[in-house]
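[1] Fold the following, please.
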Amino acid sequence: MKTAWQRGTHPPSCYGAPAMPRFPLILLFSFFLGFGGCREKPWPEGPPQSQDEQLAESVWVSRCAECHGRTGRGDGPGAAALKQKPPDFSDPEWQRIEDDDAELEAVILLGGPPLGYSPEMPANPDLAKTPAVGPLLVKKIRSLERK
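    Below you'll find the model as predicted:
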C-alpha cells in the first residue's frame, strides 16, 4: 500500500484540520526572503536611469568592485593581491572621517598617489570626459554606509 507521499497527494494535516495549500506558503516565504515585489534597489537608488548613471554603474562593476568589492567592503577579488587593503566604504567611521566628496572624486580621477592615498589606487583620467560620473561614483560610495 502506498503512502500519501508516494501517491503524490498531500499528507493528512495534524489534528484533522485541512491541509494548507502550498502556493500561498511559497508566495509568503518568497516575499519575506526578498524574492517578491520590491527587491530591485542596488545602484544608489534603484536601477540606473540616465546614460551617466549607466556609465557610473558600469565603471563601479568593472573597475572599482575589482578591489573594493561590489558592496564596497574592500573585499573584491583583486584586494588579496594588494599591499594595502582598500577601505571599507560601508564603515560609518570611515564615512565620517572621509567626509570631503570633492577629495573622493579627485582620488577616483587622479588616483591615490597625488593626494597621499594608496599608490595602488589607479587613476581614471578617462572619466574626466564625462564630468557627471565622478560625483555619481561618490554618491555610490556614500550609499554603501551601514546605518
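[2] Show the residue spans covered by the strands in the chain.
    Using DSSP state E, no strands are found in the chain.
[3] Low-confidence stretches in it?
    Low-confidence segments of the chain, defined by pLDDT under 70: 1-42.
[4] In it, which residue is most central in space?
    Thr71 (4.0 Å; C-alpha atoms, centre = their mean).
[5] how near is that residue to Ala106?
    23 Å (C-beta to C-beta, to the nearest Å). (Each C-beta comes from the backbone N, C-alpha and C, glycine too.)
[6] Please apply the same query to Ser143.
    For Ser143 relative to Ala106 (C-beta to C-beta), the value is 19 Å.
[7] my guess is Lys85 contacts Arg73, does it?
    No - Lys85 is not in contact with Arg73 according to C-beta atoms under 8 Å; the separation is 10.0 Å.
[8] between those two, which one's more packed in?
    Remark: of Lys85 and Arg73, Arg73 carries more neighbours, 17 against 13, as counted by other C-beta atoms under 10 Å.
[9] ok, the more buried one - contacts?
    Shown in contact with Arg73 (C-beta atoms under 8 Å, 6 or more residues apart in numbering): 88-90.
[10] Repeat that for Gly69.
    Per C-beta under 8 Å, 6+ apart, neighbours of Gly69: 75-76, 79, 86.
[11] repeat for Ser50
    Per C-beta under 8 Å, 6+ apart, neighbours of Ser50: Ala132.
[12] and stretch 73-91, which residues are buried?
    The neighbour-count check on stretch 73-91 (16 or more other C-beta atoms under 10 Å) flags 73-76, 79, 86-91 as buried.
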